[in-house]
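Peer 1: Below is the structure, and that's it, no one-letter string:
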């Protein structure tokens, strides 16, 4: 009843109705964010790490970074001791790293349901869905532009996904809503259709400000002032460029004490050198500059070391996913983030496939497994991504979301107590025996093994008699079932009304814009 | 010309024809076995490892293992100091581990093409295809019993797979050949259709002896006496039982100085306790007993610490693959094998899917990635496995085989020299620039990124215009192309004739048997 109580305390009325609705609601289990009890894989040795750190400082000192169309940022840098020439900012060795020290190494993002609060940093791993696709593909309708209805579908699926901790942000682009008004509908969907934590809008500083205002309505002004209630995605325009739109959003969020993922967006060979070491050097330089800038805006504002990095098909120029070079960069960037003492965002169910088929799954699994072992703390795109991020797919969403359960179980590590040692079972069964009926199995079988809610383990004959469905078809059926079972989490009707009022009022203040 | 020269030296004639054929042959690139330049992931701490090692000794001492219908084995154990009661063999603490010391920690298996020799142990990883499926599935014919023609298809695909180092053994069961004569045709196929290393028959001691005889024809008697020319799969009848058929085959191979993979075959919860620690304890006890026994037969005979371990679906009793518990066991067993100083066999493109679809690929990728990081030295089932190992699939074979390239590149680690650091590229391009045209990219792009030979990276429109094929369909086309391009590697006609003569003579000595 924590949610109903919390909503009740806000005193906007409707408490009795809230509690009645709460009692009759279907409960959906959501796992707590992952806290790793296994070591990270670290493929770079100390020499490699020191070279990268040295070279990144050289990049900042000699080449510098560009803060474009942003005189206030240039002034902040001048005041901090940087060498500013035109829009180019060159940082004395060590300055950026020093500024990053005020960013927390771990922070809590709260959700309107406190049971869904997440901690980001340290040994945590928070899983969030796909972000940004303009297109949609499902089994029935094929590929088309995404709509607001699709957006709501994904928020509902995310709310009902046991292994997803975060509702995400732009789970797909609602292309049927004017560009300048989408953020209202997207935020309202996350706030009303889910009770998991979410992300704010970054496509214009004013939209970031709207995000903060709506969060204040949902959480209360004091709560927003004193807590991180949004973690938003600030992409760096790699190489080495910080544009005024993204920096404007960062400034809004940092000033409000809200978290930013400061993230190079790199297709290796195009936006960074073709080598792993060169790319990591650029990533580190960019993140150092970006996080340092967030601390110039407000020291202590939560900031995440982001790395969206993949490789390129040199024949076609297409980005490629689930590749060994992308794995190496993801892994190495994790080491750099930990040495910098910052939470780390990377990974996802990345793939370049047009269909949720074997290519999609190989590439996604490679990326997901690697991200867990790379010490990622915040994984955007953990489910639902298709076709290099151009397409959101509800079937792929539930396929990936099921796989996320594997990450949870593997990250738990191996219990070693007397029950886990199972010597009684070995003694009871002995050579040639069978363990299914032994006391230890009976006592432990329900929790012994992770269980899929999607994949098919039945014998061939049973599966064939039942139609011989592929994973894509099974996933489609699961999507339909989840949507049928969906019930919105309780929201104080007064809060709901206030959110709607804000959206209507703000939308009325501006004409529709479609670019 | 190494192959042609080697065959020529055997002096069975045909050297001129051999050299002519060699010159006109299509060359297929095969990568050298992997030598890891990355750390292993190790999820068990020292305490857990010591508990398992202590408990495994307790299992051997108190519970013991059964060597059934094998009086000679019992006598060997008595002579070695074990406590033998009926068919139960109890080993004093430390005896098995002491006996294992004579097994080499790394050995070379030679191939008839010396460029294909593999080293097994240390930081190596040798990849071999699927083993054992009685069924076959391909896109055109669906699911049916496998035949000798299918077997030959997989050997050809294996020969042509760049990332596969080993031709394997029973790549599928040729069910159209009598059970007691299959091994002749299977061995002849590996010997004649490929020049990669292979495995011997284990289904009866006499078939192991036939395997050694045929190897002597292929390699020469002295070569077989002084080298490992076969690595064969000896399954333990878990829990804790060593049957006379498998041990008879082991005795043949060990006596001939040939390598055995001594491998518990465990569906966790059925053939071992439901817990990771309990299963690892049993695995270690079984491998200790099995490898120790191989050293009683012939000290110094190569032996591999095997672990075929997976989890179970407690609802249906079906084995499950690509699961977190299987990953944990694979990882932990690798740590135990390294502490024992033995090469380690585990992993594979495991999955329980009926189709080569997303389920198959998620589960396979999870297993493949985990096996690489678990320090596996010999990976059977690295490609072609479907439906829990009941089905071999040529499409899945080429899909997995393509993924194996990722393991090669990731295992190489990250070069850190000046070219890799790419500071010139970063200086040349600068903020807002583009790396595709820079000098560093031009100098490095051809080797910078691993390239698939199967997966589709094209833009949606191009892909759709070309038919919008799934990975399954693309794989089918690749299978057909590889089979069209296939040319058998040169084999000395005299050797070929001698092999055929042996097969004909031995087949004629016994009536067909179909059970």
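Peer 2: Now that the structure is in, tell me what you want to look at. Computed from a prediction, not measured in an experiment: that's the story for all the values here. Numbering: from 1, shown residues only, chains lettered A, B, ... in the order given.

Peer 1: What's the local residue count around whichever residue of the stretch 1-150 of chain A sits closest to chain B?
Peer 2: Closest contact between the stretch 1-150 of chain A and chain B, by Cβ to the nearest Cβ, is at residue A:66 (3.9 Å). Backbone N, C-alpha and C define where each C-beta goes, glycine included. Neighbour count of residue A:66, defined by other Cβ atoms under 10 Å in any protein chain shown: 21.

Peer 1: and the nearest residue to it once chain neighbours are set aside, what pLDDT?
Peer 2: Excluding its sequence neighbours, the residue lying closest to residue A:66 (Cβ to Cβ, 6 or more residues apart in numbering or on different chains) is residue B:431, at 3.9 Å. Looking at residue B:431, its pLDDT stands at 97.

Peer 1: any idea which helix or strand carries the residue in the stretch 151-300 of chain A positioned nearest to chain B?
Peer 2: Across the stretch 151-300 of chain A, no residue is closer to chain B than residue A:278, which sits at 2.7 Å (Cβ to the nearest Cβ). If you go by DSSP states H and E, residue A:278 is part of helix A:276-297.

Peer 1: Quick one: mean pLDDT for that helix?
Peer 2: Mean predicted lDDT for helix A:276-297 stands at 98.

Peer 1: try stretch A:90-100
Peer 2: Mean predicted confidence for stretch A:90-100 is 98.

Peer 1: what comes up buried for it?
Peer 2: A:90-91, A:95-97, A:99-100 (16 or more other Cβ atoms under 10 Å in any protein chain shown).

Peer 1: just stretch A:330-338 next, same as before
Peer 2: A:330-338.

Peer 1: Could you see whether chain B lies near stretch A:78-91?
Peer 2: Yes: counting by Cβ under 8 Å from any Cβ of the partner chain, chain B is contacted by stretch A:78-91 at residue A:88.

Peer 1: quick check, distance from that stretch to the centre of its chain.
Peer 2: How far stretch A:78-91 lies from its chain's middle: 32 Å, per Cα atoms, centre = their mean, to the nearest Å.

Peer 1: Can you pull out the residues in contact with it?
Peer 2: Contact with stretch A:78-91 is made by A:60-70, A:74, A:77, A:92, A:95, A:99, A:288-289, A:292, A:296, B:431, as judged by Cβ atoms under 8 Å, 6 or more residues apart in numbering or on different chains.

Peer 1: Go through it and flag the buried ones.
Peer 2: In stretch A:78-91, counting by 16+ other Cβ under 10 Å, buried: A:80, A:82, A:84, A:87-91.

Peer 1: now for these, which pair is the farthest apart?
Peer 2: A:80 and A:87 (15.9 Å; Cβ to Cβ).

Peer 1: which residues in the stretch 1-150 of chain A form strands?
Peer 2: A:34-35, A:65-67, A:83-85, A:88-90, A:106-109, A:118-121, A:124-127, A:135-138, A:142-145 (DSSP state E, counting those that start in this stretch).

Peer 1: next one: the stretch 251-400 of chain A
Peer 2: A:259-267, A:303-306, A:308-312, A:319-320, A:344-345, A:378-379, A:385-386, A:391-392.

Peer 1: residue ranges with poor pLDDT in the stretch 101-250 of chain A?
Peer 2: Filtered on pLDDT under 70, the stretch 101-250 of chain A yields no residues whatsoever.

Peer 1: near chain B, which residues of it?
Peer 2: A:143, A:237, A:239-241.

Peer 1: now those in a markdown table, with neighbour count?
Peer 2: Below are these laid out as a markdown table (neighbours: other Cβ atoms under 10 Å in any protein chain shown):
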| residue | neighbour count |
| --- | --- |
| A:143 | 18 |
| A:237 | 19 |
| A:239 | 27 |
| A:240 | 27 |
| A:241 | 19 |
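
Peer 1: of all these, which comes closest to residue A:309?
Peer 2: For those, the nearest to residue A:309 is residue A:239 (12.2 Å; Cβ to Cβ).

Peer 1: wait, doesn't the closest one sit right on residue B:428?
Peer 2: No: under the criterion of Cβ atoms under 8 Å, residue A:239 makes no contact with residue B:428, lying 10.8 Å away.
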